[in-house]
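1. Fold the following for me, if possible:
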Amino acid sequence: MTESFFDRLGEKLTRKMAQGISRRSMIAKAGSAAVVTSSLPLLPVQRAQAAQTQPAAVSDFDRRAQSTDPTKCDYWRHCAIDGVLCGCCGGGVHTCPPGTQPSPVSWIGTCRNPVDNRSYVIAYRDCCGRTLCNSSPDCHCNTEDRELPVYRPQANNDIIWCFGGSSAVYHCSTAALVGQAE
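-> Down below sits the predicted model:
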C-alpha cells in the first residue's frame, strides 16, 4: 500500500513540530487556544441577549405622545422637532405648504409610535421660501427628546436647515417617516 501525498505531508509536519515544541508547551498552547476560542463567540451573543431582555428607555416625550392629531407638539413623530408645524400652515406632517420648497438637507430623530410601540426614523425637513408661518403658539414646538449637540448636526434641531436651496427664509418644519429603526 502506497502512502498518499497528504499522509507524507502530515507525517513531515508532525515530526518537525515534535522536534521543536515540548509536550508541556504544546498542551499549554492548546489549552489557551481552547479557552480563547470558546469564549469569544459568547461575548456578542450575550450582549445581544441582554439588550433584548432590557426594556428600551422611555423618555418623557414617549410617555405623553399621542398618535391622533399631527398639528400638536405631542404628536409621536415630533419627538425631535424644533419650529412651526407645517400642518398648521397649510401643509401636512410630511408635505410643505404651497409656495414653499423643502430644504435639500434635514436632521433626523428616532421616535416611538405609541400605537405599535416600535421606533421609527423620522426626517425633519424645513420648508423654505416664505416668512415665518403665522399660526397659534400651540404649533410652535421645541422638542429636545434625544437631541444631540451642534457638533453632531445631523441630529440637532437648533439649526435652520434652509441652506442649499433657492431661499434661506424659514417657514415651517415637516416630520417625514423614513422607516422602522432596528
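
2. can I see the domain layout of this structure?
-> Per automatic domain parsing, the structural domains of the chain span 5-53, 60-180.

3. in the chain, which spans are helices?
-> Secondary structure of the chain by DSSP state H: the helices cover 5-20, 23-39, 42-53, 60-64.

4. Would you mind listing where this protein has pLDDT under the threshold?
-> 1, 39-57, 145-159 (pLDDT under 70).

5. where do the strands sit along it?
-> With DSSP state E as the criterion, the chain has strands at 82-84, 101-102, 107-113, 118-128, 140-142, 170-180.

6. Just send the ones you listed back as TSV, with mean neighbour count and distance to S59 too.
-> In short, each C-beta sits where N, CA and C put it, glycine included. Below are the strands of the chain laid out as TSV (neighbours: other Cβ atoms under 10 Å; distance: least, Cβ to Cβ, whole Å):
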stretch	mean neighbour count	distance to S59
strand 82-84	22	16
strand 101-102	19	27
strand 107-113	21	8
strand 118-128	21	11
strand 140-142	16	15
strand 170-180	20	16
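
7. now the closest residue in space to S136 that isn't next to it in sequence: how far from Q66?
-> Nearest residue to S136, sequence neighbours excluded (Cβ to Cβ, 6 or more residues apart in numbering): C88, at 6.9 Å. Using Cβ to Cβ, to the nearest Å, C88 is found at 16 Å from Q66.

8. Over to E182?
-> In terms of Cβ to Cβ, E182 sits 25 Å off from Q66.

9. Can you pick out the residue with more neighbours from those two?
-> Q66 (12 against 5; other Cβ atoms under 10 Å).

10. contacting residues for the closest residue to the more buried one other than its chain neighbours?
-> Computed as Cβ to Cβ, 6+ apart, the closest residue to Q66 that is not its neighbour in sequence is D74, at 5.6 Å. Counting by Cβ atoms under 8 Å, 6 or more residues apart in numbering, D74 touches F61, R64, A65, Q66.

11. Mind checking which of those residues are buried?
-> With burial judged by 16 or more other Cβ atoms under 10 Å, the buried subset of the contacts of D74 is F61, A65.

12. Save the contacts of D74 as TSV, and put in distance to P98 too.
-> Listed next are the contacts of D74 as TSV, based on distance: Cβ to Cβ, whole Å:
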residue	distance to P98
F61	30
R64	32
A65	29
Q66	27
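
13. ok, now how distant is Y170 from T131?
-> From Y170 over to T131 (counting by Cβ to Cβ), the distance is 8 Å.
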